[in-house]
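In: Dropping a prediction and its sequence here:
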Amino acid sequence: MTIDKSFSINAKTCTLKYNSQKNGETIFADNIKYIIPIYQRPYSWTDEQIRKFLSDIFLGYWGSDGNIIKEPMFIGTMQLAEKDLERKEQQVIDGQQRLTTFLILLKVLKMEFPNCEELESIHFDWLETKSITEHSKRILINCYHSTHLKSII
């Protein structure tokens with residue numbers, strides 16, 4: 001059996017905004033725009049999946065006993081294509097449901113806590129869909145421009 005050495009997987013751990021690991025990367029680094037390619041299914045998470053995701057985030061932060069946990073939280077793997085540094089884009093091969101839900105969560109938090117310094121620097125144009133479905137496009141457009149919670153989804 002011959003192993004194709006031209007195929008490699010560059011796996012790494014990334015954090016959302018700050019990374020203290022040596023050579024650690026962040027999702028919100030370098031103003032990269034994440035692109036959901038046209039061949040990806042549209043956003044399709046149900047209320048149950050969204051609740052589970054949010055519950056995992058809150059449990060990961062607060063812990064089951066209400067004490068803040070000082071350890072990283074795993075929210076799942078993502079598969080991304082090679083970065084296009086010239087265009088500052090990276091295609092999302094796997095993980096778009098979590099990224100889109102996370103974008104919605106950030107938008108809701110920013111609307112609910114408009115004076116939060118940490119949220120002020122977050123922009124919402126870091127995710128784009130090439131989907132042909134209007135539902136997926138509308139979710140992201142609403143996240144960019146909405147000023148009322150009910151108009152996001």
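Out: Looks like it came in fine. Source: prediction; values computed, not measured.

In: For the protein, just list every one of the strands.
Out: 14-15, 25-26, 33-36, 79-80, 89-94, 127-129 (DSSP state E).

In: Show me what the mean pLDDT comes to for the longest one.
Out: Within the predicted structure, the mean pLDDT of strand 89-94 is 91.

In: And the third one, by the same measure?
Out: Throughout strand 33-36, pLDDT has a mean value of 91.

In: Can you get me the centre-to-centre distance for it and its chain?
Out: In terms of Cα atoms, centre = their mean, to the nearest Å, the centre of strand 33-36 is found 10 Å from the chain centre.

In: before we move on, back to that, now tabulate the strands of the chain in a markdown table and tack on distance to Phe102.
Out: Bear in mind the C-beta positions are built from the backbone N, C-alpha and C, glycine included. Formatted as a markdown table, the strands of the chain follow (distance: least, Cβ to Cβ, whole Å):
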| stretch | distance to Phe102 |
| --- | --- |
| strand 14-15 | 13 |
| strand 25-26 | 13 |
| strand 33-36 | 11 |
| strand 79-80 | 15 |
| strand 89-94 | 12 |
| strand 127-129 | 9 |
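
In: I'd like those as a markdown table, with mean neighbour count and distance to Asn115 appended.
Out: A markdown table is the format used below for the strands of the chain (neighbours: other Cβ atoms under 10 Å; distance: least, Cβ to Cβ, whole Å):
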| stretch | mean neighbour count | distance to Asn115 |
| --- | --- | --- |
| strand 14-15 | 15 | 24 |
| strand 25-26 | 13 | 24 |
| strand 33-36 | 19 | 27 |
| strand 79-80 | 14 | 33 |
| strand 89-94 | 16 | 31 |
| strand 127-129 | 19 | 24 |
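
In: so which of these comes closest to Leu54?
Out: With Cβ to Cβ as the criterion, Leu54 lies closest to strand 127-129 of the strands of the chain, at 17.7 Å.

In: packing partners for the closest one?
Out: Counting contacts by 3 or more Cβ pairs under 8 Å, 6 or more residues apart in numbering; DSSP states H and E, strand 127-129 packs against strand 33-36, helix 96-112, helix 134-145.
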